[in-house]
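**Student:** build me a model from this:
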Amino acid sequence: HWCFSHCFLGSMDIFPSNTQERIFTCVVLAMSLAVFSVLLSIITNDALELRRASAESSKKHSSLLAFFHDQHLSSKLVCRVLHFAKQHRLFHIGAQVGDGALDALDFLPDHVRREVTYELFSEMLQRHPFFKQYGEMSPTAMRILCVEGISLTNLFPGERLLWADAKAINYMMFVKVGEL
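**Tutor:** Model (predicted):
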């Protein structure tokens with residue numbers, strides 16, 4: 001019992017008295033050092049992993065909030081999205097949410113994702129007189145157009161959107177950021 005008291009930093013007034021006891025004491029102390037080191041390493045690694053996951057979760061949450069703020073979405077819709085995310089623990093540690101803010105929208109229910117998409121694109125479309133009139137005449141058709149009829153394209157600076165040999169253009173283009 002004197003050997004095990006040394007493993008846990010206890011002290012005893014009993015000492016090994018022969019070579020076999022000294023060897024046994026050294027082996028037990030070396031093993032206790034190794035076991036303690038491994039346990040400490042595992043605990044430290046888990047704590048660091050928890051910190052990393054927490055930082056990643058916070059980053060995703062703030063990225064989504066920044067996205068909503070930049071897009072000027074209504075506070076009512078933002079509250080609905082955040083309520084859903086809270087209920088379904090989308091931003092809790094260990095949740096499998098994509099890297100970008102738009103990836104997080106994929107986890108929303110279809111009707112909420114459609115509302116977000118509608119708010120994202122309806123204002124831009126309704127700047128054009130035709131679409132403004134179209135939206136006033138048929139709000140449902142405007143919602144369908146915003147949700148299903150719009151695709152986004154990102155271009156690098158100096159990249160061409162149209163080529164001279166294009167035979168037919170079957171779509172309209174709106175520039176949201178930058179210039180054409």
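**Student:** where's Arg143 relative to Ser74, distance?
**Tutor:** 15 Å (CB to CB, to the nearest Å). The way it works is simple: take the backbone N, C-alpha and C, and place the C-beta from them, glycine included.
**Student:** these two: which is more packed in?
**Tutor:** Neighbour count, other CB atoms under 10 Å: between Arg143 and Ser74, Arg143 has more, with 17 against 12.
**Student:** I'd say Ser74 and Glu119 touch.
**Tutor:** Yes - look at Ser74 against Glu119 with CB atoms under 8 Å: they come within range, at 6.4 Å.
**Student:** scan the helices and strands of this structure for the one with the lowest mean pLDDT.
**Tutor:** helix 101-105 (a mean of 56; mean pLDDT, DSSP states H and E).
**Student:** what's the next helix or strand after that helix packed up against?
**Tutor:** From helix 101-105 onward toward the C-terminus, using DSSP states H and E, the following helix or strand is helix 110-125. Judged by 3 or more CB pairs under 8 Å, 6 or more residues apart in numbering; DSSP states H and E, helix 110-125 is in contact with helix 75-87, helix 129-137, helix 139-148.
**Student:** 10 Å instead?
**Tutor:** Using 3 or more CB pairs under 10 Å, 6 or more residues apart in numbering; DSSP states H and E as the contact test, the elements touching helix 110-125 are helix 19-71, helix 75-87, helix 101-105, helix 129-137, helix 139-148.
**Student:** so which of those helices comes closest to Val112?
**Tutor:** For the helices and strands packed on helix 110-125, the distance to Val112 is smallest for helix 75-87, at 5.9 Å, taking CB to CB.
**Student:** follow-up on the earlier one: can you check which of the helices and strands packed on helix 110-125 gets nearest to Arg113?
**Tutor:** Closest among these, using CB to CB: helix 101-105, at 5.5 Å.
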